[in-house]
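> coords please:
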Amino acid sequence: MGVGMSTCPRRIENMFPQALFPPEDEWETRNGGETTYCSWCGSMNPVLLLSLMRNGKCTLGPTDKHYKVYVDHGVNNKTDKFYFQHFDPPQKHEFIELMNMKPRPFKIGYPGRFYVMPYFCALGSKSEGG
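Numbering: from 1, shown residues only. Next up is the predicted model:
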């Protein structure tokens, strides 16, 4: 099946009755083994997302949600979703660093920016003269 991750952070947030579901969620392999997804919410694996971003092999699709982004990475001509709750603190930090790079190694789809920033990000202010 897949590799255990304990409990999906989105399941915990939604507070569904735990008795109705298996005790642990896992990363399931799909698309011929090229990508892994959360068995609970269907999110792409955060390790894969950050790798695609670092290597310039994806386009992030803005949404009006602060907890989700769409990821076009060309595997099986499919766009996947990623839920930011799957990031651990170091991964959130890396995501912010990648977002702040000039130029970015990845693209952001139309209109070229996020409509709503991820819940763990804030827009910085530019200082005068610098």
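> Pull up the distance across stretch 50-65, start to finish.
19 Å (Cα to Cα, to the nearest Å).
> and what of stretch 46-61?
End-to-end for stretch 46-61, by Cα to Cα: 16 Å.
> which ones are touching the spatially most central residue of the chain?
Closest residue to the average C-alpha location of the chain: Phe82 at 3.5 Å, with Cα atoms, centre = their mean. Residues near Phe82 by Cβ atoms under 8 Å, 6 or more residues apart in numbering: Ser43, Met44, Pro46, Leu49, Lys68, Val69, Tyr70, Val71. C-betas here are computed from N, CA, C, even on glycine.
> Select, from those residues, the two members most distant in space.
Pro46 and Tyr70 (14.9 Å; Cβ to Cβ).
> Pick out whichever of the two has more residues nearby.
Per other Cβ atoms under 10 Å, whichever of Pro46 and Tyr70 has more neighbours is Pro46, with 21 against 16.
> That one is in contact with His86, isn't it?
Yes - using Cβ atoms under 8 Å, Pro46 is in contact with His86, at 4.8 Å.
> Longest helix in the chain, please.
Counting residues, the longest helix in the chain under DSSP state H turns out to be helix 89-100.
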